[in-house]
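>>> build me a structure from this.
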Amino acid sequence: MAKRSLQASPIGIKQAKRAFTDKGWTQENLAGEVNLKTRQPVWRFFTGRPIERYTFIEICSVLELNWRETAANPPAESGLGQTSININALVNKVRSQRRDRIQDQCGILQLLDTNRPVGIENIYVDVNILQEIVSQQWLNISDFKNHHLKKFDRFGDFRSEQHISGMKAVETHSKLRILGKPGSGKTTFLQHLAIQSNQGNFASDRVPMFITLRDFADDSQKTGELSLFNYISSELFAGDSEHSLSEILREGRMLLLLDGLDEVLHRDNTAILKEIRRFSEKYSQNLFIVTCRTAAKSLSLKGFTDVEITTFSQSQIVSFAQKWFAVFTKTNDCDRVDLANEFIEKLDLPENLPFRRLAITPLFLHLVCWVFHRQKQFPHNRTEFYKQCLELLLGKWDEIKGIERDKFYQGFSLPQKLELMSQIAAATFERDDYLFEQQTVEQYINDFIGKLPNSPTEPEELQLDSEVVLKAIELQHGLLTERVRGIFSFSSLTFQEYLTARKIVANHLQSLEPALERLVDRITEPRWREIFLLTAAMLRNADFLVQLMKQKIDALIAPDPYLQEFLTWTTQIVIAQPTLAATGAFYLGLTQTPLHPNIQSHWHFSPEQQQVLQDYYDAKQLLVDCLNSNCKLTAEVRQQIETTLLLPQVKLIQKEWIDTPQPDMRILGSPSPHR
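Okay, here's the model as predicted:
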């Protein structure tokens, strides 16, 4: 059996004192590094007196000495075999003792807005890991202006084929820091690793330890002692069992899962980072995995490899949805499968693209599944769903997790945060900027802060505050995210569109500008289509908007008598054969090869006229979509729009008034239909 105590030889003492001097420490410093409560064992070590074997080895390790060469009469090499047997027994014993605790701590998820916990393995989908952090690349905005759609996809994220599975990443690196945006699944991934270790499927020869760094920081504040060793010891063992933990750590037999580096208050960041670095260097043979939001990547950890969780692929979305509906659908297996398949099928429909853009992270995919599950369809009123998602990101998410952030940006009220984000969204969308430079967005923030009560007046102070707010926005809720160095975008185009529409409605209600008139000027631009639908849904009364749209649509054709004559002819056909009105491309089809055998067309159009007809049809389709949405219209305006929808401008002008028009109908410049 290995000796219970060791003492330094005279030569070993000289080597130890030289190494100690080189460190520039006091004996109290060295005692702290070895996690000793007093410096007495250090004094005994330097005076050649016997001390506990594990303490002797720890002191030598910290001083970077070979303990066998330092000790007087070290134990024979054969003792190592017994040590190996003992460490295996110790690890197995601690793993067994920890099994229930790990299961309670990591085996259950309480998903947002659900009334019951879910077993993690019933819903978990393995994440994909980018080995290259995209936001650390140096690129110019011009690199994306013409080609950004090739790298910046329609779902608002950069795609890369160079990714590996999460399990592959942790099997490759012994010190790993996993970055990810809010709701990307960082904590769930760590919990999954803990459960897999518990079950013997991963790191089965190590003791799993899941630590929420926010809890560790809070505990350190209470005890006045910042020591991962002591914190772990109090979690693993009862009583004086530091030597057992030292054995496990020295032999590299622990799996350390440290969650939420970004969730530690700024005042504690430096100390926590220093302790993790010190601990991971001292016990480097163990497996360390730390999670942190991507925006806090500047909190660097020496010796750790940074990787980043990327968004869900189509196959991951399908897998998650199938598991989700299997868990939450309280019917038979066939109904669960049918509902999951219906969800997956409808999610890929063009009209549900805004939901598809959001469903690339576990957090929002869960919410999209939840709203579909309750209504058995995607909601017609998308604006209320987006509003709830934003409120979640802007405050509720941190509140649910019990995270306390620094106060400057956190002092903004929810309406102020929404107003700021709406201003940025509207300004960038107006300029067709899905990607924008850091100085651009900081200027928008600067302008907003400058109008707040008691705002700083010095330009330099305003600029510094703008930088702080931008970093807080990215860190706390990720609504704005740094795609590559110095280039930002909204985390999802869906949010940029919703916030742009919100700004238009706010300006209209406050009569700050002719907001709806400016919007209607964009009626032929396809990228504004979603803005029209969202704006119509958010207005308390959409009469004025749809009237403006109808007026603008009629004006597209009004200057061209030939097109007016063509539309008069098509109207007569529609009246004669009403079923033709239901064909989606009726007007466009008549300008090309006839779609219907009984129609003989001799009309000839220039390319410019064909484009006008295309714009005319698309704009009318948009108007119809607004009418069919949940926008609020008076019965009179709805009837007036619907009865004149297919009439060309010349026919509208030829009609005479019979009923007295409503005052706000005069913007159409044409009488209501004769009935």
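>>> would it be right to say that residue 364 lies in a strand?
No: assessed with DSSP: H, G, I helix; E, B strand; the rest coil, residue 364 is helix; it does not lie in a strand.
>>> burial count for it?
21 (other C-beta atoms under 10 Å). C-beta: built from backbone N, CA, C; applies to glycine.
>>> residue 629 too?
Neighbours around residue 629, by other C-beta under 10 Å: 18.
>>> for it, which residues are in contact?
Contact partners of residue 629, counting by C-beta atoms under 8 Å, 6 or more residues apart in numbering, are 380, 533, 536, 537.
>>> which parts of the stretch 351-500 of the chain are helices?
353-358, 362-375, 382-391, 397-401, 407-410, 414-430, 438-450, 459-476, 493-509 (DSSP state H, counting those that start in this stretch).
>>> what's the average pLDDT for the fifth one?
Helix 407-410 comes out with an average pLDDT of 70.
>>> please shift the residue numbers so they start at 46 in all later answers.
That works, and once the first residue is 46, the last one we named lands at helix 452-455.
>>> for the helices of the stretch 396-545 of the chain, which one sits closest to residue 351?
When the helices of the stretch 396-545 of the chain are compared by C-beta to C-beta, helix 504-521 sits nearest residue 351, at 16.1 Å.
>>> what separates that closest one from the chain centre, distance-wise?
20 Å (C-alpha atoms, centre = their mean, to the nearest Å).
>>> which elements pack onto that helix?
helix 452-455, helix 483-495, strand 525-529 (3 or more C-beta pairs under 8 Å, 6 or more residues apart in numbering; DSSP states H and E).
>>> follow-up on the earlier one: of the contacts of residue 674, select the buried ones using a PyMOL command.
Per 16 or more other C-beta atoms under 10 Å, the buried members of the contacts of residue 674 correspond to this PyMOL selection:
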select buried, resi 578+581+582
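>>> which ones among the contacts of residue 674 lie within helices?
578, 581, 582 (DSSP state H).
>>> among these, which one sits closest to residue 648?
For the ones in helices among the contacts of residue 674, the nearest to residue 648 is residue 578 (31.9 Å; C-beta to C-beta).
>>> in contact with the closest one, which residues?
Residue 578 neighbours (C-beta under 8 Å, 6+ apart): 667, 670, 671, 674.
>>> just the ones of those residues in helices?
Reading helices off the contacts of residue 578 with DSSP H, I get 667, 670, 671.
>>> give me the number of residues near the last one?
Using other C-beta under 10 Å as the criterion, residue 671 is surrounded by 21 other residues.
>>> picking up where we left off before, can you tell me which of the helices and strands packed on helix 504-521 is most buried?
Highest mean neighbour count among these (mean count of other C-beta atoms under 10 Å): strand 525-529, with a mean of 21.
>>> how far away is the nearest residue to residue 303 once chain neighbours are set aside from residue 322?
Nearest in space to residue 303, with sequence neighbours left out and distances taken as C-beta to C-beta, 6 or more residues apart in numbering, is residue 335 at 4.5 Å. In this view, residue 335 and residue 322 are 11 Å apart by C-beta to C-beta, to the nearest Å.
>>> give the residues shared as contacts by those two.
Among the neighbours of residue 335, those also in contact with residue 322 (C-beta under 8 Å, 6+ apart) are residue 346.
>>> between those two, which has more neighbouring residues?
residue 335 (26 against 15).
>>> over to that one: give its phi and psi.
phi -120, psi 140 (degrees, to the nearest 10).
>>> that one: what's it in contact with?
With C-beta under 8 Å, 6+ apart, residue 335 has these contacts: 221, 222, 223, 303, 304, 306, 321, 346, 349.
>>> tell me which helix or strand of this structure sits lowest on mean pLDDT?
helix 193-196 (a mean of 43; mean pLDDT, DSSP states H and E).
>>> list the buried residues of the very next helix or strand once past that one.
Counting by DSSP states H and E, the next helix or strand C-terminal to helix 193-196 is strand 208-210. In terms of neighbour count (16+ other C-beta under 10 Å), strand 208-210 has its buried residues at residue 208.
>>> partner strands of strand 208-210, with direction?
strand 173-175 (antiparallel) (DSSP bridges).
>>> tell me how far the strand it pairs with lies from the chain's centre.
14 Å.
>>> please enumerate the strands of the chain.
Using DSSP state E, the strands found in the chain span residues 50-51, 96-97, 153-154, 163-164, 173-175, 208-210, 220-225, 252-257, 299-304, 332-338, 350-354, 481-482, 525-529, 532-535.
>>> in TSV, list those along with distance to residue 598 and mean pLDDT.
Below are the strands of the chain laid out as TSV (distance: least, C-beta to C-beta, whole Å; pLDDT from 0 to 100):
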stretch	distance to residue 598	mean pLDDT
strand 50-51	91	88
strand 96-97	87	88
strand 153-154	50	90
strand 163-164	50	92
strand 173-175	45	91
strand 208-210	46	89
strand 220-225	45	94
strand 252-257	57	96
strand 299-304	55	96
strand 332-338	46	95
strand 350-354	46	93
strand 481-482	32	91
strand 525-529	35	88
strand 532-535	30	92
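>>> now for the ones you listed, which one comes closest to residue 374?
strand 163-164 (12.9 Å).
>>> check which helices and strands the closest one sits against.
strand 153-154.
>>> sheet partners, orientation included, of the strand it packs on?
When DSSP bridges is applied, strand 153-154 pairs with strand 163-164 (antiparallel).
>>> follow-up on the earlier one: nearest to residue 596 among the ones in helices among the contacts of residue 674?
Distances from residue 596 to the ones in helices among the contacts of residue 674, taken by C-beta to C-beta, are shortest for residue 581, at 15.4 Å.
>>> could you check the pLDDT of that closest one?
96.
>>> what residues are up against it?
Counted by C-beta under 8 Å, 6+ apart, residue 581 has contacts 587, 590, 591, 671, 674, 676.
>>> do that again at 6 Å, thanks
Taking C-beta atoms under 6 Å, 6 or more residues apart in numbering, we find residue 581 in contact with 587, 590, 671, 676.
>>> how about the closest residue to residue 243 other than its chain neighbours, what does it touch?
Distances taken as C-beta to C-beta, 6+ apart put residue 147 closest to residue 243, at 4.7 Å, once the chain neighbours are dropped. Going by C-beta under 6 Å, 6+ apart, residue 147 touches 239, 243, 253.
>>> roughly how far apart are residue 147 and residue 214?
Noted for residue 147: a distance of 21 Å to residue 214, by C-beta to C-beta.
>>> just residue 577 next, same as before
Residue 577 is 43 Å from residue 214, by C-beta to C-beta.
>>> neighbour-wise, which of the two wins?
Using other C-beta under 10 Å, the more surrounded residue of residue 577 and residue 214 is residue 577, with 26 against 22.
>>> residue 159: neighbouring residues, count only.
13.
>>> can you give me phi and psi for it?
phi -110, psi 150.
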